[in-house]
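Q: A predicted structure for the sequence below; I have some questions about it.
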Amino acid sequence: NAGVMQNPRHLVRRRGQEARLRCSPMKGHSHVYWYRQLPEEGLKFMVYLQKENIIDESGMPKERFSAEFPKEGPSILRIQQVVRGDSAAYFCASSLRTSGISYNEQFFGPGTRLTVL
Amino acid sequence: GESVGLHLPTLSVQEGDNSIINCAYSNSASDYFIWYKQESGKGPQFIIDIRSNMDKRQGQRVTVLLNKTVKHLSLQIAATQPGDSAVYFCAETYSGGSNYKLTFGKGTLLTVNP
């Protein structure tokens, strides 16, 4: 059973270009989370999605950033008109489901390291 | 020893020694805590978790202690090995309504010297 997959692993973009990061959750997982990690910092929550729905995007910048998780295919984190401050590692995690009673473990992918020149 | 400054806190130990990594969490409403290990170039890997109704939980070579009074969490690693070298993060969440969102601490870099 493959884990969470992310691609590309490394992405270099020039200022003003678009970055598209892809995440394939673990088999059977229908919940996806995106986190951003700046150098020497912890991960910061960005957005939580279920299939075809954005549940919580409170951690995602209002401009230039968007995320989707279509019925078929991977989840996509899209950053338009990238700036140098977008350089970071972006991690995707997936879980089976969430519950108000118990926490369902989030499994993390290897991350995409975005460098903006 | 352990140091805290502008950069990532670091802990350097000798192989075979026990390691203790500390974490202060921020939200008194948090009721679930997780320790993650992150090796260079990889994603966080689950180590051990603990709920707020417990103050100690043991795994294989690892123990997590929770002190809710001072909002402090610690991870103890017994007989530390070179393969334990990594950055260790504590994460918190609370199950009231939105138990999916993890809030991560800054992390501690553990270096194990052979």
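A: Received, thanks.

Q: wait, B:R57 sits on B:I34?
A: No. Look at B:R57 against B:I34 with Cβ atoms under 8 Å: they stay out of range, at 11.0 Å. Glycine gets a C-beta too; all of them are placed from N, C-alpha and C.

Q: Next one: B:G97, what pLDDT does it get?
A: pLDDT recorded at B:G97 is 61.

Q: If residue 67 is in a bridge, with which residues?
A: Answering for chain A, as no chain was given. A:L77 (DSSP bridges).

Q: ah, I was thinking of chain B
A: B:H72.

Q: shouldn't it be in contact with B:D55?
A: Yes. Counting by Cβ under 8 Å, B:N67 does reach B:D55; the two are 7.0 Å apart.

Q: mind listing what A:L38 touches?
A: Counting by Cβ atoms under 8 Å, 6 or more residues apart in numbering or on different chains, A:L38 makes contact with A:44, A:88.

Q: let's see it at 6 Å
A: A:A88 (Cβ atoms under 6 Å, 6 or more residues apart in numbering or on different chains).

Q: again, but for A:M5
A: Applying Cβ under 6 Å, 6+ apart, we find A:M5 in contact with A:S24.

Q: now do 7 Å
A: A:M5 sits next to A:24, A:109 when contact means Cβ atoms under 7 Å, 6 or more residues apart in numbering or on different chains.

Q: what sits opposite it in the beta ladder?
A: A:S24.

Q: got any ranges where chain A has weak pLDDT?
A: Residues of chain A meeting the criterion pLDDT under 70: A:1, A:98-103.

Q: Which stretches in it count as strands?
A: Taking DSSP state E as the test, the strands found in chain A are A:5-7, A:10-13, A:19-24, A:31-37, A:43-50, A:53-56, A:65-68, A:75-79, A:88-95, A:107-108, A:112-116.

Q: what's the answer for chain B, then?
A: Using DSSP E, strands in chain B cover B:2-3, B:10-14, B:19-24, B:32-38, B:45-51, B:56-58, B:62-67, B:72-77, B:86-93, B:103-104, B:108-113.

Q: so what strands line up beside the longest one?
A: With DSSP bridges as the test, strand B:86-93 is paired with strand B:32-38 (antiparallel), strand B:103-104 (antiparallel), strand B:108-113 (antiparallel).

Q: Just the angle for the last one relative to strand B:72-77, thanks.
A: Angular relation of strand B:108-113 and strand B:72-77 on a 0 to 180 degree scale: 20 degrees, by axes from the mean of the first three to the mean of the last three Cα atoms, to 10 degrees.

Q: buried stuff in strand B:108-113?
A: B:108-110, B:112 (16 or more other Cβ atoms under 10 Å in any protein chain shown).

Q: with the residues you listed in mind, which one is nearest to chain A?
A: Relative to chain A, the closest of these is B:L109; by Cβ to the nearest Cβ it sits at 8.6 Å.

Q: So, low pLDDT: which residues of chain B?
A: Using pLDDT under 70, the flagged stretches of chain B are B:1-7, B:96-99.

Q: Show me what from it comes close to chain A.
A: Contacts of chain B with chain A, taken as Cβ under 7 Å from any Cβ of the partner chain, map to B:7-8, B:32, B:42-44, B:46, B:89, B:93, B:95, B:97-102, B:104-107.
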